[in-house]
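Make a model of this:
(one chain, ligands or ions: 2)
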Amino acid sequence: MGLFASTPQKEMKVLIVGLDAAGRTTMLYHWWANEKQQYVIPTVGINCETFTHKDASVTVWDVGANAQSRFFYANYFKPGFSLIWVVDCTDRERIEESHQELLALIKRIKEKENPEEIPLLIFVNKRDKAGGLTGDEVTDIFHLKDIEDNTIVWHVQESSAETGEGLTEGLDFLYDHAFGNINS
Ligand SMILES: Nc1nc2c(ncn2[C@@H]2O[C@H](COP(=O)(O)OP(=O)(O)OP(=O)(O)O)[C@@H](O)[C@H]2O)c(=O)[nH]1
Ligand SMILES: [Mg+2]
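Ligands and ions are numbered 1, 2, ... in the order given. Take a look at the predicted model:
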């Protein structure tokens, strides 16, 4: 061990997914640039960025959400990854579709990779808009409290990718979970 020996850097790898227009890319670039970017266009293909959260390097894969891409979401998830599912809280019409897509994704991930654990952060996004669902309502609609599967460690965070509200707190959950600061 010499003077220049360094401790390995903490790393988090995150797949951020959800229905189209939920706000994933706006979130990603908010984290990356520390502010809202003026122009975010619908994602075709993948955005991948790395930024620092606390003392960890965080790499986020944001995959376009057309129906075909959604089927392949599970291919991007590897053991050790965290999963972020973004819900547009104002899109009440598609809230059940969002729920079903998440269930289907988890099923495919488990069949494909059989990870020991899936840290799952659900952002209830666009909370800056009036009349949206709350975090508690989404928790109920997604029946999160009924999940008996120990591999899934979930957390719901209300957010606005527009104002940045809740975005840091969401990452804090993933960080604390990854690096052992959660008392559960
Ligand atoms: N008011 C408000 N608008 C938001 C928020 N997050 C995203 N938006 C807007 O919602 C639209 C879709 O945001 P994107 O970040 O492109 O969503 P996405 O999930 O990446 O969507 P696709 O890549 O098209 O699947 C954009 O017009 C954003 O400005 C939010 O928290 N509040
Ligand atoms: Mg996008």
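
Could you use CA atoms for every contact and neighbour count after this?
OK.

Contacts only, for residue 131.
Residue 131 makes contact with residue 90, according to Cα atoms under 8 Å, 6 or more residues apart in numbering.

And the pLDDT for it?
According to the prediction, residue 131 has pLDDT 94.

Check which helices and strands the helix or strand of the chain with the lowest mean pLDDT sits against.
Sorting the helices and strands of the chain by mean pLDDT, DSSP states H and E puts helix 67-72 at the bottom, at a mean of 77. For helix 67-72, not one helix or strand is in contact under the criterion 3 or more Cα pairs under 8 Å, 6 or more residues apart in numbering; DSSP states H and E.

For the next helix or strand after it, give me every contacting residue.
The helix or strand immediately downstream of helix 67-72 is strand 82-88, counting by DSSP states H and E. For strand 82-88, contacts defined as Cα under 8 Å, 6+ apart pick out 12-19, 21-24, 77, 95, 98, 102, 118-126, 174.

7 Å instead, please
13-18, 22, 24, 118-126 (Cα atoms under 7 Å, 6 or more residues apart in numbering).

same deal with stretch 105-121?
74, 77-79, 82-85, 151-156, 170.

ok, so of these, who is nearest ligand 1?
The nearest member of these to ligand 1, counting by Cα to the nearest ligand atom, is residue 85 at 9.8 Å.

what's the closest non-adjacent residue to residue 160?
In this structure, residue 160 finds its nearest non-sequential neighbour in residue 126, 4.7 Å apart by Cα to Cα, 6 or more residues apart in numbering.

so the one you found sits right up against residue 159, yeah?
Yes - using Cα atoms under 7 Å, residue 126 is in contact with residue 159, at 6.3 Å.

Pick out whichever of these two has more residues nearby.
Neighbour count, other Cα atoms under 10 Å: between residue 126 and residue 159, residue 159 has more, with 27 against 24.

residue contacts, the more buried one?
123-127, 165-167.

rerun at 8 Å
Contacts of residue 159 by Cα under 8 Å, 6+ apart are 123-128, 165-167.

which ones among those are found in helices?
By the criterion of DSSP state H, membership of the contacts of residue 159 in helices covers residue 167.
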